[in-house]
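Peer 1: could you work out the structure for the sequence below:
(one chain, ligands or ions: 1)
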Amino acid sequence: VKILIFGAGGILGQSLSSHFHATKTPFIGLTHATLDATQEAKLERAFDEHRPDVVINAAGMTAVDDCELQRDTAFAVNARAPEKMAKICNKRKIKFVHVSTDYVFDGHKTVPYVEDEPMSPISAYAESKAEGEKLVRQADPAALIVRVAWSFRAGGKSFLCKLRELVIKQKQIRVVQDRVGNCTYCPDLATAVDGMIQRDLFGRVIHFTNEGDLSLYDFAISLRETAERLGLKPQCQEIIPISVDILNLPAHRPYYSALDKSRYRQLTGNSIRHWRETLPDFLQS
Ligand SMILES: NC(=O)c1ccc[n+]([C@@H]2O[C@H](COP(=O)([O-])OP(=O)(O)OC[C@H]3O[C@@H](n4cnc5c(N)ncnc54)[C@H](OP(=O)(O)O)[C@@H]3O)[C@@H](O)[C@H]2O)c1
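Peer 2: Model (predicted):
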């Protein structure tokens, strides 16, 4: 099986590449610099050149606030590019995995969202991702759509990735406490995606994040505790909880967006690590 990864330079793309390298699975990783997924002719040529059996789309415009100001680009990257990939995969009988987000939900619930709940996006990013899911499903009913949330790994640019450095180096940090969701350690996600491919779980939407609800504040507190326990001498003395409202961010975010993972657990028979268990790996990698 030969795998082609779009968005290989992103945090998930890097973890997928490390995973397939470690498992000696033949794969090609195309970064944004190598291939702009919105350029349809180049996309088609990539399929011709690499002739994959499985395609994983880890490319996306993930800067949520930028998407408000650059709606056209957000829809081109997050909706129309995956649609084109799905069309080619459907035509050529290639298995397609597309990655989506908890932000397709509005966050008005207080219990975890299951896969079949109607999408209710509240930002340009979320609308573009929800549209991407719909277009992918129409173009390729056999596609596997994996929804994840608050992804992180060492060296990435998401806020959770940056917290590692902030907790180690900065004396005081302010972190949002009143939004609750799940987080996803990218190496665990890469292993899970490979497992779903091997079990042939195509044609579905499946949620995967690490176990346990949390706020970013919870994450920062646990990260500092873990760093202390590991002897990493974190410099951060004060972690101040704040409300997301005072940040006045351009894009709305769901206040509660935990994802129910029963479907993943039932279909794979696998348990999922609690997010706190991932922190030593995150800090030491
Ligand atoms: N990060 C999160 O917290 C999070 C949460 C939920 C869902 N997701 C979803 O997870 C998937 C993977 O994202 P990630 O977490 O790995 O975030 P990421 O680190 O931002 O990775 C996304 C990658 O896509 C690339 N990209 C952007 N526009 C592209 C284009 N036109 N053509 C090709 N590549 C392009 C980016 O390159 P540049 O950096 O050069 O733009 C980046 O390398 C995305 O579908 C995202 O929506 C992410």
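Peer 1: near the ligand, which residues of this protein are found?
Peer 2: The chain has residues 6-7, 9-13, 32, 36-38, 58-62, 77, 99, 101, 129, 148-151, 156, 158 near the ligand, with proximity defined as C-beta under 6 Å from any ligand atom. Any C-beta I mention is one placed from the backbone N, CA and C, and that applies to glycine too.
Peer 1: redo that, cut-off 5 Å
Peer 2: Counting by C-beta under 5 Å from any ligand atom, the chain comes close to the ligand at 7, 9-12, 32, 36-38, 58-60, 62, 77, 99, 101, 148, 150-151, 158.
Peer 1: nearest to the ligand: which residue in the stretch 51-200 of the chain?
Peer 2: The nearest approach of the stretch 51-200 of the chain to the ligand comes at residue 60, 3.0 Å away (C-beta to the nearest ligand atom).
Peer 1: so that residue sits against residue 79, correct?
Peer 2: No: using C-beta atoms under 8 Å, residue 60 makes no contact with residue 79, being 10.2 Å away.
Peer 1: more neighbours: the two, which one.
Peer 2: Neighbour count, other C-beta atoms under 10 Å: between residue 60 and residue 79, residue 60 has more, with 25 against 19.
Peer 1: secondary structure element holding that one?
Peer 2: Applying DSSP states H and E as the criterion places residue 60 outside every helix and strand.
Peer 1: now swap in residue 62 and tell me
Peer 2: With DSSP H and E as the criterion, residue 62 is inside neither a helix nor a strand.
Peer 1: then the one 10 residues further on?
Peer 2: Secondary structure from DSSP H and E places residue 72 in helix 71-75.
Peer 1: flag every buried residue along that helix.
Peer 2: 74-75 (16 or more other C-beta atoms under 10 Å).
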